[in-house]
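A.B. asks: Sharing a model that was predicted from the sequence below.
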Amino acid sequence: MKTKGQAPHQRSLSFPEGGEKTEIFIDGASRGNPGIAGIGVTIRVNEVPTEEIRAHIGTRTNNQAEYEALLAALRKAKELKRSRIHVFSDSLLLANQINGLWRVKDADIRKLYLQAKELLGGFDEVTLTHIRRELNAEADRLANEAIDDYLITKDE
């Protein structure tokens with residue numbers, strides 16, 4: 001994902017062939033609401049870290065950033081040809097909206113929700129689970145690093 005000339009940081013580690021268990025941890029962060037935002041994604045196959053994504057995504061609300069993290073994660077999982085994924089997010093709003101427990105009322109979030117639902121339809125099996133923030137530390141770190149990276153380069 002590219003925003004305002006900023007290339008996302010992506011690190012590809014060894015990707016095990018034929019790995020079946022794909023876990024994806026996502027987080028979006030916004031400094032201000034709306035404010036400068038970033039996303040963080042970690043992908044593990046058979047409990048081995050295989051991909052990291054961090055990207056500055058411009059000005060967004062925190063909820064928009066959470067959805068942007070999901071979209072980036074789903075696109076990367078498609079690119080990696082993962083058909084069964086388990087996504088973890090510390091956003092209760094995102095988890096409950098995607099899982100059909102809560103309605104999507106905000107028009108801007110609705111657009112992101114519809115994009116996510118379309119991407120989700122391309123997988124054989126998907127679960128999205130809400131987790132406590134402390135269990136999502138790696139994705140949170142990446143999202144905040146994306147914001148920090150942007151702020152440092154902006155000030156140079």
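C.D. replies: Thanks, I have the structure now.

A.B. asks: show me where the chain has strands.
C.D. replies: 9-12, 22-32, 35-45, 48-60, 84-89, 125-130 (DSSP state E).

A.B. asks: Take those strands and write them to CSV, including mean neighbour count and mean pLDDT.
C.D. replies: For the C-beta atoms, the positions are set from N, CA and C on the backbone; glycine is no exception. Output for the strands of the chain, formatted as CSV (neighbours: other CB atoms under 10 Å; pLDDT from 0 to 100):
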stretch, mean neighbour count, mean pLDDT
strand 9-12, 13, 44
strand 22-32, 23, 97
strand 35-45, 25, 97
strand 48-60, 22, 96
strand 84-89, 20, 97
strand 125-130, 15, 96
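
A.B. asks: right, so of these, which gets closest to Asp148?
C.D. replies: Asp148 lies closest to strand 35-45 among the strands of the chain, at 8.2 Å (CB to CB).

A.B. asks: Now do the closest one and strand 22-32, the angle between them.
C.D. replies: When axes from the mean of the first three to the mean of the last three CA atoms, to 10 degrees is applied, the directions of strand 35-45 and strand 22-32 differ by 170 degrees.

A.B. asks: Export strand 35-45 to CSV, keeping only CA atoms.
C.D. replies: C-alpha atoms of strand 35-45 as CSV (Å, rounded to 0.1, in the frame of the first residue of the first chain):
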residue,chain,number,x,y,z
GLY,A,35,-4.8,11.7,12.5
ILE,A,36,-1.6,10.4,11.1
ALA,A,37,-2.2,6.6,10.7
GLY,A,38,-0.3,3.4,10.1
ILE,A,39,-0.9,-0.3,9.8
GLY,A,40,0.9,-3.3,11.0
VAL,A,41,0.5,-6.9,9.9
THR,A,42,2.3,-10.1,10.9
ILE,A,43,1.8,-13.4,9.2
ARG,A,44,2.8,-16.7,10.6
VAL,A,45,2.6,-20.1,8.9
